[in-house]
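*Asks:* I'd like to go over a predicted model; first the sequence, then the structure.
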Amino acid sequence: MAIIITLADATVVTLTVLFLAFVYQNRRKFTSTKYPPGPPGLPLVGCAFENPSSEKQPYKGWRELYGPISHFRLLTQDVFVLNTHRLAYELLDKRANTYADRPRQVMCAELISWNRAIALAPAGTRHRKYRKLVNSVLSPNATKRLWPVQEKSASAFVTTLFHQCVDKPSDAGQSHSGYEFLEVIRQVIGMHVVDIIYGPESIVEDESRGSGRQAVGLSKQNMEKYIHDADEAHALFAKALVPFAYIVDWIPWLQFLPESTPFVSFKKEARQARENLVKLTMFPYTKVRERIAMGLPQISYVDHCFTTTPDPTPEDEESIAWTAMSAYTGGSDTTIAAIKTAFFAASLHPEAQALAQSELDQIVGQERMPEINDRPNLPYVTAFVNECMRLIPVAPVAIPHRAMEDETIDEYFIPKGATIIPNIREMLRDPDIYESPLSFDPVRFLPTTGTPTHPDIKGRTELNIGSLPYGFGRRICPGMHLADSGVWLYVSTLLWAYHVSMVDDDGSIVKDRAAKWESAQFSSGAIQYPLPFKVKLVPRSSAVESLLRNA
């Protein structure tokens, strides 16, 4: 029998739904529940029309504006922003089990399939397996075997800078643009991370070929294409990661409509992105699997996975492939951003640069490049790196967590299902911890001047900013030890090799460095770095230049 719905019926249903939504969204008025301060938003829709998460620099200044914790709504979704170390540590570290999950993100996680990667995998068996696998390969001790690979890459980095940015002949006597170093960063760091994750190709004898030799594994051409494709995939990831960036995040049932339906262009975009993501994951893995099957091991993440799992099941192989892709996309962009920040900071703070170089000369000398084992003897260089990471954090806002149970913190109620956003930038600029937090001052991290500390945060007080830039709890970046040693090595080797100066469009060295620092522009999105700027690189001595030229 047909069901007939009159206009009156539809009106009653609509008004009922709107009333229930109004009651839900204003429940604090009808109960004793207390929520933190934040932007008020509009009735029914909250901050949907002015989503704070989509701003160029989201949540900047919120600690001063709202205090340690703030709250807003997107339709019926409660969002809490943590603006201090203490609250993030209390909730996400000490109560890690409650906040181990990720919020639902229909476009990014489900339709594109980033929930198969470690960063957005839902809490549960698969995520635990991923973390166990990555931790076995990239633990602090296991990472040490990769130090020689990182040192080789750091050497390649500064020598490539020399040949492409310093010693390269100018066309028709014209000077270089000053931007070349940006492409070298992308090229060398990208190749390095691919090497770390998948290993270089192996050359074997093959009499069936005219040359008698065959390359097995990822070739340089494969690597270059992989880096390009990964850049595109990660750019879309950063776009889709913004909460409620797509209409399907607001209205999930739209995902079930045919792709040809008007107003669902996201379906085609998601399908193409998903296909590209799967190719990005499986192509390099298949190449490396072929190399390993031929008995041609290399030092890499995937090789080590097969050492610890010699007879992998299909499920094991899927875990290795997806964690490898996760390690590359998570490690390359963040490392590249950190190196750009180091160039930027060094070029505008010559006094700090000179102090780091003086320390390098005393400990390392100019006849060899820095090694990771030099790190304990280079406290100022380490402080320089930490200050770069503090003042211009690579990830100013961490990937959101999800509350799996009702919670309270500092008299405020956090309902089950709420989205929790760690505001890393505000934490690292907290004046209660860092004196003059907007100033670039590596000395703040030296033991003789007192290390920034917080009584409630164990393990984050020893001459560095610890794990804070890498996240919290069950969602802390499992590759943080590899990333930490890599960034330190690249920056220390850069400072060892070159005087770095920022230049204007005409090639002259910037004189008003303070104004340049204050007016600097930064990227928007999940990864933060200074927007293109020009530098001049000068080898620090004839001995250094000779080593760079002949390396």
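*Replies:* Structure received. Numbering: from 1, shown residues only.

*Asks:* who touches stretch 233-252?
*Replies:* 48, 51, 53-54, 74-75, 77, 79, 103-108, 111-112, 114, 254-255, 263-264, 266, 273, 276-277, 280, 329, 333, 399-400, 419, 525-527 (C-beta atoms under 8 Å, 6 or more residues apart in numbering). In this view, the C-beta of every residue, glycine as well, is placed from N, C-alpha and C.

*Asks:* flag every buried residue along it.
*Replies:* For stretch 233-252, the neighbour count (16 or more other C-beta atoms under 10 Å) marks 233-234, 236-238, 240-246, 248-249 as buried.

*Asks:* pLDDT averaged over it - what is it?
*Replies:* The pLDDT scores in stretch 233-252 average 88.

*Asks:* contact partners of stretch 508-515?
*Replies:* So stretch 508-515 is contacted by 347-350, 501-504, 516, 536 (C-beta under 8 Å, 6+ apart).

*Asks:* please disregard the earlier target; I meant stretch 401-420.
*Replies:* So stretch 401-420 is contacted by 33-36, 68-69, 71, 77-80, 82, 87, 90-92, 95, 97-104, 123, 243, 400, 421-422, 472-473, 475 (C-beta under 8 Å, 6+ apart).

*Asks:* the residues you listed in strands, which ones?
*Replies:* When DSSP state E is applied, the contacts of stretch 401-420 are split such that 69, 71, 77-80, 82, 421-422 fall in strands.

*Asks:* and which of these is nearest residue 361?
*Replies:* residue 422 (38.9 Å; C-beta to C-beta).

*Asks:* just the buried residues of the contacts of stretch 508-515.
*Replies:* 347-350, 501-503, 516, 536.

*Asks:* related to what we said a few turns ago, buried among the contacts of stretch 401-420? Make that a ChimeraX selection.
*Replies:* Selection of buried members from these for ChimeraX, criterion 16+ other C-beta under 10 Å:
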select :35,36,68,69,71,77,78,79,80,82,87,90,91,92,95,98,99,100,101,102,103,104,123,243,400,421,422,472,473,475
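
*Asks:* show me what contacts residue 261?
*Replies:* residue 267.

*Asks:* and the gap between it and residue 116?
*Replies:* From residue 261 across to residue 116, the span is 26 Å (C-beta to C-beta, to the nearest Å).

*Asks:* again with residue 250
*Replies:* According to C-beta to C-beta, residue 250 and residue 116 sit 23 Å apart.

*Asks:* go through the helix ranked longest in the chain and flag the buried ones.
*Replies:* Looking across the chain with DSSP state H, the single longest helix is helix 314-348. Neighbour-count burial for helix 314-348, counted by 16+ other C-beta under 10 Å, picks out 317-348.

*Asks:* low-confidence regions, the protein specifically.
*Replies:* Within the chain, the segments meeting pLDDT under 70 span 1-32, 169-177, 203-215, 448-464.

*Asks:* list of residues touching the helix or strand harbouring residue 133?
*Replies:* Using DSSP states H and E, the element containing residue 133 is helix 125-138. With contacts defined as C-beta under 8 Å, 6+ apart, helix 125-138 is touched by 100, 118, 121, 142, 301, 304-305, 308-309, 319-320, 322-323, 326-327, 474, 478-479, 481-482.

*Asks:* again, 6 Å this time
*Replies:* 118, 121, 301, 304, 308, 319, 323, 478-479, 482 (C-beta atoms under 6 Å, 6 or more residues apart in numbering).

*Asks:* tell me which of the residues you listed fall in helices.
*Replies:* Filtering those for helices - DSSP H - leaves 301, 304, 308, 319, 323, 482.

*Asks:* farthest-separated two in the residues you listed?
*Replies:* 319 and 482 (18.4 Å).

*Asks:* adding distance to residue 294, write the buried ones among the contacts of stretch 508-515 out as TSV.
*Replies:* Output for the buried ones among the contacts of stretch 508-515, formatted as TSV (distance: C-beta to C-beta, whole Å):
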residue	distance to residue 294
347	47
348	50
349	50
350	52
501	49
502	49
503	50
516	53
536	47
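
*Asks:* now do the residue most central in space within the chain against residue 121, distance only.
*Replies:* Central residue of the chain (C-alpha atoms, centre = their mean): residue 334, 4.2 Å from the mean position. Using C-beta to C-beta, residue 334 is found at 19 Å from residue 121.

*Asks:* same check on residue 365?
*Replies:* Counting by C-beta to C-beta - residue 365 and residue 121 are separated by 46 Å.

*Asks:* who has more neighbours, the two?
*Replies:* residue 121 (24 against 10; other C-beta atoms under 10 Å).
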